[in-house]
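# Build me a model:
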Amino acid sequence: MAEQQPTDEELVAQLEEELKKLKVGDLLVQTLYTVSSLGYRKLAEEDRDLDQARLAIDALRALLPVLEGSVPEELVRDFKQVTSNLQLAYADAAKGAM
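Alright, predicted model coming up:
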């Protein structure tokens, strides 16, 4: 017996329930993970795009101060370290591009 697919109204209700549970801080942390991963990806030789890597670094630097005091201090510290590492990797990649 096949399962019934939820109706559009049921899907909207489920989404609204999930949005009620979601915290902005959690979304920003997930965004930082995604941006940092993408930034590193844009520094890899096969996908190198220094403009996009620089944008990722700038985004991390802009969002980190917003999170301070809203998420655990060690999480902010870890993202600051990731940002520093990404900046160093960017500098190395930029030297190689000259």
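# For the closest residue to Leu38 other than its chain neighbours, give me the backbone phi and psi.
With Cβ to Cβ, 6 or more residues apart in numbering as the criterion, Leu38 has its nearest non-adjacent residue at 5.8 Å, and that residue is Ala56. (Each C-beta comes from the backbone N, C-alpha and C, glycine too.) The phi/psi pair for Ala56 (degrees, to the nearest 10) reads phi -60, psi -40.
# Ok, Pro6 next?
Here is the backbone geometry of Pro6 (degrees, to the nearest 10): phi -70, psi 150.
# Could you verify my assumption that it touches Gln14?
Yes. Using Cβ atoms under 8 Å, Pro6 is in contact with Gln14, at 7.3 Å.
# Identify all contacting residues around the lowest-mean-pLDDT helix or strand in the chain.
The weakest-scoring helix or strand in the chain, judged by mean pLDDT, DSSP states H and E, is helix 8-21 (a mean of 90). Contact partners of helix 8-21, identified using Cβ atoms under 8 Å, 6 or more residues apart in numbering, comprise Pro6.
# Moving C-terminal from that helix, which element do we reach first?
Downstream of helix 8-21, the next assigned helix or strand under DSSP states H and E is helix 24-41.
# re earlier: surely the residue nearest to Leu38 and Lys42 touch.
Yes. Applying Cβ under 8 Å, one finds Ala56 in contact with Lys42, separated by 6.6 Å.
# Counting neighbours, go ahead and name the busier of the two.
For Ala56 versus Lys42, neighbours defined as other Cβ atoms under 10 Å are more numerous around Ala56 (25 against 20).
# how much space between Tyr33 and Asp78?
10 Å (Cβ to Cβ, to the nearest Å).
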